[in-house]
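# With the sequence up front, the predicted model follows.
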Amino acid sequence: MSSKFQAPRGTHDVLPRDHLWWHVIRTIEEQCAQYGWSRVSTPGFEETALFERTSGEASDVVHKEMYTFRDRGDRSLTLRAEGTAPIARAYVEHGLTQEPQPVKAYAIAPMYRYSRPGRGRYREHWQLSLEAIGSADPAVDAEVIQFYSELLRRLGVTEWELQLNSIGDANCRPQYVARLNEWLDAHPELVDEEVAHKRATSVLQVFDVKNEQVLAALAEAPKIGEALCDACSEHFDAVKAHLDQYGVPYVVDPALVRGLDYYTRTTFEFVGPEENVNSTICGGGRYDGLVEAVGGPVTPGIGFGAGLERLLLAMEREGAIAQAPRLDLFVAFEEPDLRGRVLPQIANWRAEGRSVDTDYAGRSMKGQLTQAQRLGADTVVVARTDGSYEVRRRGEEDRVVSSLSEI
């Protein structure tokens, strides 16, 4: 006997019976179409420099979590660590700057992070990336945020809080950074190895440390949300006004930052009821410097990343269930050799858009009818040896017809 293989640690299989998962995928795809978002797909690995340049060497993504390897040509490649930078790279590489702006693109794809696996925390995890590139309009920020709140509503998730902030731009951030560095200099007891590493390359990321005691002390530090220039304040006020018009509740958190370097102005997180690393179910913000960082022109952008596994945890916490898709028709046979006369009609029904299945396991008639019930078939057609067809339909009396065209 050969040894059995298992999925690598920190990964998981999505099975045909995982109906809730596929319900989430279908809901996302339907909503994206309604909002005018088009799907994009990028490679599963990129040049390592793409993530180093856009995420920042001090970020946990680059510093600790990337799956990086050298291929046979001695090129440094990294499995897709996050979704936004690859989409921005594709935007520049394929000349999407010349198309009507903003380009509204979404991806549903696996991301790869090396971290300790746990409930809702996978080394290969699936993420919805929603990106609007090419507009600085605060109304776009609000639509991106409202999109996720509407997705939660459609999926039955009610226990969440939207935390919102603005982290300024190149006009007001330098003055704030100087103030924050002065404060850190005055509190050397807080500058442990992690803080020192983040501070050396991107001081804003000190608010993204994992040490709870340091985080609590940083509550007294100056906040970027309280040091905005007039332009950033006006932009943030407009975002909040649009969210009010949408009816999306939020809490302003002046200490909220994102862990990546390319974010500017609007930053946000949707936080669920979990009291651990799974509490953040969606995070994003504006990244007006990203396209330029990957070789394109100065181009504004806004988007988010939302983990599907954490979203499912939030749904399951609230008792969400999903049924298997129902079949329109199931075709059964009194004898196996009757299959040939019905296969052309099965193909025709499918071409017309009806969902149809039949038996491929040599079941008895009783077994075929049981399988039809398992599949939730609305109509069962039994091909009989006398050349007729018995039609069994929910809520109706069984009837016999002489031709499949009568069904």
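That came through, no problem.
# Spatially nearest residue to Ser135 (excluding sequence neighbours)?
Nearest residue to Ser135 in three dimensions, chain neighbours excluded: Pro102, at 3.9 Å (Cβ to Cβ, 6 or more residues apart in numbering). C-beta coordinates here come from the backbone N, C-alpha and C atoms, glycine included.
# and that neighbour, how many residues sit next to it?
20 (other Cβ atoms under 10 Å).
# number of nearby residues for Ile302?
So Ile302, with other Cβ under 10 Å, has 31 neighbours.
# contacting residues around the residue nearest to it when sequence neighbours are not counted?
Nearest non-adjacent residue to Ile302, counting by Cβ to Cβ, 6+ apart: Arg286, 4.6 Å away. By Cβ atoms under 8 Å, 6 or more residues apart in numbering, the residues touching Arg286 are Asp141, Tyr263, Thr264, Arg265, Thr266, Thr267, Pro300, Gly301, Ile302.
# roughly how far out does stretch 205-220 sit from the chain middle?
Stretch 205-220 has its average C-alpha position 27 Å from the chain's average C-alpha position, going by Cα atoms, centre = their mean, to the nearest Å.
# okay, how far is it across that stretch, tip to tip?
16 Å (Cα to Cα, to the nearest Å).
# could you pull out the helices for this structure?
19-35, 48-55, 60, 84-93, 138-154, 173-185, 193-201, 212-218, 230-246, 290-293, 308-317, 339-351, 365-374 (DSSP state H).
# And the pLDDT at the residue nearest to Ser135?
At Pro102, the pLDDT value in this model is 97.
# Relative to Gln127, how far out is it?
To Gln127, Pro102 is 21 Å away according to Cβ to Cβ, to the nearest Å.
# What is the burial count for the closest residue to Val214 other than its chain neighbours?
In space, and not counting its chain neighbours, Val214 is closest to Leu190: 5.5 Å by Cβ to Cβ, 6+ apart. By other Cβ under 10 Å, the residues close to Leu190 number 20.
# So Leu190 sits against Ala217, correct?
Yes: if you go by Cβ atoms under 8 Å, Leu190 and Ala217 touch, sitting 5.4 Å apart.
# The residue nearest to Val214: what's it in contact with?
So, once contact is read as Cβ under 8 Å, 6+ apart, Leu190 ends up touching Leu184, Val214, Ala217, Leu218.
# got it, and Thr97?
Counted by Cβ under 8 Å, 6+ apart, Thr97 has contacts Tyr91, Gly134, Val291, Gly296, Pro297, Thr299.
# Tell me the buried residues within those residues.
For the contacts of Thr97, a neighbour count by 16 or more other Cβ atoms under 10 Å gives the buried set as Tyr91, Gly134, Val291, Gly296, Thr299.
# residues touching the third one, list them.
Think Val291. Contacts of Val291 by Cβ under 8 Å, 6+ apart are Ala88, Tyr91, Val92, Thr97, Ile133, Pro297, Val298, Thr299, Gly301.
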